[in-house]
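>>> Sequence first, predicted coordinates after that:
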Amino acid sequence: MYQLLRAARRPVTYSRWVHLCVPVLMLAVWMFIEPAAPWMPLLLVVPLGLLPWMRLAEGLQAQFLLAPHDREAEGPSFSTVSSKRWSDRWRTLLWLEIRLVLSFGTMLCSVWLPVLTVQLVTTALGNTVTQDNLVPAGFPAWLAWTLAPVPLVLLLVIVILLGRMVTAIARRLLGPSAAERLTALEVRTEQLLERTRIARELHDSIGHALTVAVVQAGAARAAGDPEFTDRALAAIEETGRAALEELDRVLLVLRESAQRPSQRPTLAEADRLLESARASGAAVDAQLTGPLEQLPGPVSQEGYRILQEALTNVLRHCGPVPVRVRIGMVADRLDLEVTNPLPDRPTVMAGSGSGLRGMRERAALLGGEAETGPHKGGWRVRARLPLERIR
């Protein structure tokens, strides 16, 4: 009883009833044309069901009336595109035939059960029903009062059950095909990859800027030298502006703005990272060889992010220590190596380890590899990014 009352309060119960009653309009029109052949609409829907756009129309109706709040994780419950294969057309045709039959049954119940309730009430009041009387003559008035609500309750139960039935059948016959599900899955995968990439972008760019600012501020406070403090503030200002530019670019992507976002930084701008690390007090020994400006875009962009994360980790965990940077093109790949000594003191700032994982993921996406870990008493980040797959 509780489930019945709960279903009676749900708007979707009545939207499904409307969906079931819509084909009755076709039956009513046909009854005016040829009342002697009420079965003819079952044949008339055959050419309609084979039309490609009919699947789109039926899918939209089912989506809005049968399951308006359906939000399945694997994709939409109903196909909202035109039929592309004959198998989809035959499924649509079968759906139309079943929908007509269920609609006819719904129409009978929706008309005759309320009429039966009216006649029971009329009989209970002592009046006589003379036309299309469903209540036998001499029916007791007390029994008529008792049974009067039963047809309405029965109608509600039938509407609920038929609504659930037609929804289940629609999911089966109007549901996305295997090809449509695969396409939806590919789109969702691309969206998730894009979100992951943006998260890495924010982690690398904003994390680097904040690390440099914290190290600069701590060094300026400890030094007590006005000239050094001025240089530190200037470095913090420059790093902050670069971080704001990166943030604006990422926000443009998130907002799906019509404006074209600025290009991602590449290794041609590696000097900016190196100078930022030097301004933080780190002694950076950098050697960049080869025509880095001619690198393929993805390799140069991901290489920049790997270098940025490596320098950020040095400043975050080791402070302003000597850093050795080697970047060069070797045969058909780009080699990037950042090494630094490990500090005697505990970690300066704790991290979650996502930066190291992000570097390995960036290299793997390009078919390369990135290694991070202790090396000869220090710490080394080494990445090898192939060029042949990108050109």
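In hand now; what should we look at?
>>> burial count for residue 121?
15 (other C-beta atoms under 10 Å). C-beta coordinates here come from the backbone N, C-alpha and C atoms, glycine included.
>>> same deal with residue 108?
12.
>>> The residue of the chain most remote from its centre in helix, strand or coil?
Distance from the centre of the chain peaks at residue 138, with 65.0 Å (C-alpha atoms, centre = their mean). Three-state call for residue 138 (DSSP: H, G, I helix; E, B strand; the rest coil): coil.
>>> What of residue 337?
Taking three-state DSSP as the rule, one finds residue 337 in the strand state.
>>> and what of residue 83?
Secondary structure of residue 83, per three-state DSSP, is coil.
>>> Tell me the buried residues in stretch 44-56?
If you call a residue buried by 16 or more other C-beta atoms under 10 Å, then stretch 44-56 has these buried ones: 45, 49-50, 54-56.
>>> what's it in contact with?
The contact list for stretch 44-56, computed with C-beta atoms under 8 Å, 6 or more residues apart in numbering, reads 30, 79-84, 88-90, 92-97, 100, 174.
>>> Can you get me the start-to-end distance on it?
19 Å (C-alpha to C-alpha, to the nearest Å).
>>> thinking again about what came up before, which members of the contacts of stretch 44-56 are positioned in helices?
Among the contacts of stretch 44-56, the ones falling in helices (DSSP state H) are 30, 88-90, 92-97, 100.
>>> The stretch 51-200 of the chain: helices as residue ranges?
Secondary structure of the stretch 51-200 of the chain (DSSP state H, counting those that start in this stretch): helices at 52-61, 86-124, 141-147, 149-173, 178-223.
>>> Now do the last one, average pLDDT.
Helix 178-223 shows a mean pLDDT of 68 in the predicted model.
>>> And for the third one?
Here the mean pLDDT over helix 141-147 is 86, rounded to a whole number.
>>> Repeat that for the second one.
Per-residue confidence for helix 86-124 averages out to 87 on the pLDDT scale.
>>> Mind giving me the packing neighbours of that helix?
Counting by 3 or more C-beta pairs under 8 Å, 6 or more residues apart in numbering; DSSP states H and E, the packing neighbours recorded for helix 86-124 are helix 11-21, helix 24-33, helix 41-49, helix 52-61, helix 141-147, helix 149-173.
>>> For residue 296, find the nearest of those helices.
With C-beta to C-beta as the measure, helix 52-61 is the member of those nearest residue 296 (41.6 Å).
>>> Give me the angle between the closest one and helix 149-173.
130 degrees (axes from the mean of the first three to the mean of the last three C-alpha atoms, to 10 degrees).
>>> picking that back up, may I see the ChimeraX selection of the buried members of the contacts of stretch 44-56?
Listed next is the ChimeraX selection for buried residues among the contacts of stretch 44-56, using 16+ other C-beta under 10 Å:
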select :30,79,80,82,83,88,89,92,93,95,96,100,174
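>>> And residue 333, how far from residue 299?
9 Å (C-beta to C-beta, to the nearest Å).
>>> Oh, that last question was meant for residue 146, not what I typed.
For residue 146, the distance to residue 299 equals 83 Å [C-beta to C-beta].
>>> Looking at the two now, which is surrounded by more residues?
With neighbours defined as other C-beta under 10 Å, residue 146 and residue 299 compare such that residue 299 has more, 23 against 12.
>>> Next, the contact list for the residue lying closest to residue 141 once chain neighbours are set aside, please.
Excluding the flanking residues, the one nearest residue 141 by C-beta to C-beta, 6 or more residues apart in numbering is residue 124, at 4.8 Å. By C-beta under 8 Å, 6+ apart, the residues touching residue 124 are 141-142, 144-145, 148.
>>> Just the buried ones out of those, please.
Listed as buried from the contacts of residue 124 are 144, 148; burial here means 16+ other C-beta under 10 Å.
>>> who does the helix or strand containing residue 383 pair up with?
Taking DSSP states H and E as the criterion, residue 383 maps to strand 378-386. Applying DSSP bridges, strand 378-386 is found paired with strand 333-341 (antiparallel), strand 369-375 (antiparallel).
>>> Need the winner for burial among those.
With neighbours taken as mean count of other C-beta atoms under 10 Å, those reach their highest mean count in strand 333-341, at a mean of 21.
>>> That one: what's the following helix or strand?
Next along the chain from strand 333-341, counting by DSSP H and E, comes helix 354-365.
>>> What are the buried residues along that following helix?
Residues of helix 354-365 classed as buried by neighbour count (16+ other C-beta under 10 Å): 355-356, 358-360, 362-363.
>>> So which of these is the closest to residue 115?
After measuring these against residue 115 - C-beta to C-beta - the closest member comes out as residue 358, at 70.2 Å.
>>> Model confidence at residue 128, what's the number?
Looking at residue 128, its pLDDT is 68.
>>> let me redo that: residue 250
Looking at residue 250, its pLDDT is 63.
>>> and if you look at residue 287?
If you check residue 287, the pLDDT there is 92.
>>> Please apply the same query to residue 336.
For residue 336, the model assigns a pLDDT of 95.
>>> Tell me if I'm right that residue 78 and residue 65 touch.
No. Here residue 78 does not reach residue 65: they are 10.5 Å apart, not a contact under C-beta atoms under 8 Å.
>>> re the thing from before, now for residue 333 and residue 299: what residues contact both?
Residues touching both residue 333 and residue 299 (C-beta under 8 Å, 6+ apart) are 385, 387.
>>> and stretch 58-78, average pLDDT?
73.
>>> And residue 304, how close does it get to residue 267?
With the distance defined as C-beta to C-beta, residue 304 ends up 5 Å from residue 267.
>>> With residue 68 instead?
For residue 68, the distance to residue 267 - C-beta to C-beta - is 51 Å.
>>> Tell me which of those two has more neighbours.
residue 267 (24 against 12).
>>> Got the phi and psi for that one?
Residue 267 has phi and psi values of phi -70, psi -10 when expressed as degrees, to the nearest 10.
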